[in-house]
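**Student:** This is the structure alone, sequence omitted:
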């Protein structure tokens, strides 16, 4: 990733970043109004995987300050490069970023994840909880954690089974180095956004049931919805939407 600053960006690139963010926020606002919710209950996470620095920086300049990443190795290069670009740039004064891991996490990458990210959304098995807690503790950090639940019958997407959710929540809640905030899911891929509604509704119902059973823990976060189906997710209670293409454009491949 080449060194580039917000101050160096072409005005057209900055304007595209502003326009894309505003278009996504308008979609969120519309869905929130339909559901009788306040739009500020929903946080936009910009999933910046496979994106060039100018696009990421233009989104940051536009106000996207929560960034998601799916790949550890890419994040290992991206975070220091982006933060170096912001340092000392007058156009970036006062900007503070939050970095979230939204992709599947291998246990042998947990130590790196504990250093790179402020939150891990894809915790889905006891062995990963154990390793993350130990690694975060060694780093002197407390990581925000979401438990990923598999609700679409596609194991390759990750997530624990519904029956295993209560015990996994208990395990996370018992770890001082981890701060449980809620649940995450990835629906089955479909050209019809409405196809995701039962999955999103089911996640909300699971969260509500857990919250009623465990009033001693915080479960205020539901991470669900991406570029194609974010309106449905917001209507069903999402507090985080993970948006890539609609915010940054098509990913760079090759």
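**Tutor:** The structure has been received and is ready for your questions. Keep in mind the model is a prediction, meaning the values are calculated, not measured.

**Student:** List the contacts of residue 68.
**Tutor:** 45, 46, 47, 48, 49, 99, 100, 101, 102, 121, 242, 244 (CB atoms under 8 Å, 6 or more residues apart in numbering). Where C-beta positions appear, they are placed from N, C-alpha and C, glycine not excepted.

**Student:** what kind of secondary structure is the first one in?
**Tutor:** Spelled out, that is residue 45. At residue 45 the chain is in strand, as set by DSSP: H, G, I helix; E, B strand; the rest coil.

**Student:** Is it in contact with residue 241, as I believe?
**Tutor:** Yes: Residue 45 lies in contact with residue 241 (CB atoms under 8 Å); the separation is 6.7 Å.

**Student:** Find the residues that touch each one of these two.
**Tutor:** Counting by CB under 8 Å, 6+ apart, the residues touching both residue 45 and residue 241 are residue 223.

**Student:** returning to that earlier point: most surrounded residue in the contacts of residue 68?
**Tutor:** residue 46 (29 neighbours; other CB atoms under 10 Å).

**Student:** Next, the contact list for the spatially closest residue to that residue that is not a sequence neighbour, please.
**Tutor:** Distances taken as CB to CB, 6 or more residues apart in numbering place residue 64 nearest to residue 46, at 4.2 Å, with adjacent residues excluded. Contacts for residue 64 (CB under 8 Å, 6+ apart) come out as 17, 21, 44, 46, 247.

**Student:** Which pair of those spans the longest distance?
**Tutor:** The two members of the contacts of residue 64 with the most space between them (CB to CB) are 17 and 44, at 12.8 Å.

**Student:** where does residue 220 fall, phi/psi-wise?
**Tutor:** When read as degrees, to the nearest 10, the backbone of residue 220 gives phi -100, psi 0.

**Student:** ok, now how distant is it from residue 144?
**Tutor:** Look at residue 220 and residue 144: by CB to CB, to the nearest Å, they are 11 Å apart.

**Student:** Fine, thanks again, bye for now.
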